[in-house]
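**Q** need a structure here:
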Amino acid sequence: MESGACGAGRFGRGGFVTELSPIGRDTAIGRRALCHAMRIMVILMGVLAFPAGAFAAAEGTLAGARQWVTEWVRTQELLSRTRTEWERDSELLRQTAGLYERELRSIEERLGGFTTNTTQIDRDLAEARAELELGEKALGVARDRVGRYEARLREWAPRLPAPLRSQIDPLVRRIPAEAAASGRAGVMERLQNVVGILHEIDKFNAAVTVVSEVQRRPEGAEVQVETVYLGLGQAWFTDRSGRYSGVGRPGPDGWVWEVRPEVGPAVRRAIAMYRDEAPPTFVGLPVQLP
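**A** Next up is the predicted model:
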């Protein structure tokens, strides 16, 4: 085996034998020292070379650790933010749930009230239906009675005094002409119309009425007279002179007039007292009872 730095050598019986070069035969110790120094240098170079690789590996490991620590810090920050947001959102959710629970209880209470109100409404509706049925029956009775009154008024109208007929004529024309037509008018409207006619008839019957009228004389001539009506049962008439006069009374087809010249002066005195043109006194007039 050869060594390029410290000379040649070989293995022998005593071990490894170094063969010195001619230059350094005289100084074996110096050569040995130089070779030892060279060996130390090689060893040192190897030692120095080893840490450089180790440091490079360590530097790579440190960079990875640094990146891992950075990611870990970011993860911790994300967890912290998530935890904070969750605490905030969970509080909001609790408040919202509490609000919904209160609203639900309020709705349940109102539904309970609606159930009570519905029961009361059902009772009220039942009472209203019962009252409506009674009202319909009463309305039917009123409809029949109004119809009978209307029929009698239509029958009586021609027998009434002319001044009264002219006064109630608009109301009489509102009486339905037929039973079928009467159903189209309201019962209350018809009843009010009947009451209005009866009121005017009763008022006329309870008073003394003096009116100017035109009568036809037996020979056919018309004459202006003044007529005194005593309610609905009796009347007297006279002209201004008092010579054409007489009495009147209701008949089946209207008022019947009878000429009675002898009642003229008494009728004139009654008219004068009615108008406050003469002092009140007793006046005798003929009356014909039915």
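**Q** switch to C-alpha atoms for all contacts and neighbour counts from now on
**A** Will do.
**Q** so how many other residues sit close to Gly147?
**A** Here the count is done by other C-alpha atoms under 10 Å, and Gly147 has 22 residues near it.
**Q** Now that we're looking at it, what pLDDT does it have?
**A** If you check Gly147, the pLDDT there is 86.
**Q** May I ask which helix or strand encompasses it?
**A** helix 28-156 (DSSP states H and E).
**Q** Could you list every helix and strand that that helix packs against?
**A** Counting contacts by 3 or more C-alpha pairs under 8 Å, 6 or more residues apart in numbering; DSSP states H and E, helix 28-156 packs against helix 187-205.
**Q** quick one: the helix it packs on to helix 28-156, angle?
**A** Relative orientation of helix 187-205 versus helix 28-156 (axes from the mean of the first three to the mean of the last three C-alpha atoms, to 10 degrees): 30 degrees.
**Q** packing partners for the helix or strand just after helix 187-205?
**A** Counting by DSSP H and E, the next helix or strand C-terminal to helix 187-205 is strand 208-216. Counting by 3+ C-alpha pairs under 8 Å, 6+ apart, the packing neighbours recorded for strand 208-216 are strand 222-230.
**Q** immediately after the strand it packs on, which helix or strand?
**A** Next element after strand 222-230 (DSSP H and E): strand 234-238.
**Q** next one: stretch 137-157 to chain centre, how far?
**A** 42 Å (C-alpha atoms, centre = their mean, to the nearest Å).
**Q** buried set for it?
**A** Across stretch 137-157, burial judged by 16 or more other C-alpha atoms under 10 Å covers Arg143, Val146, Gly147, Tyr149, Glu150, Ala151, Leu153, Ala157.
**Q** Check stretch 162-174 too.
**A** In stretch 162-174, counting by 16+ other C-alpha under 10 Å, buried: Pro163, Leu164, Arg165, Ile168, Leu171, Val172.
**Q** nearest to Val214, of those residues?
**A** Val214 lies nearest to Pro163 out of the buried residues of stretch 162-174, by C-alpha to C-alpha, at 11.7 Å.
**Q** Check whether Ile168 sits in a helix, strand or coil.
**A** Under DSSP: H, G, I helix; E, B strand; the rest coil, Ile168 falls in the helix class.
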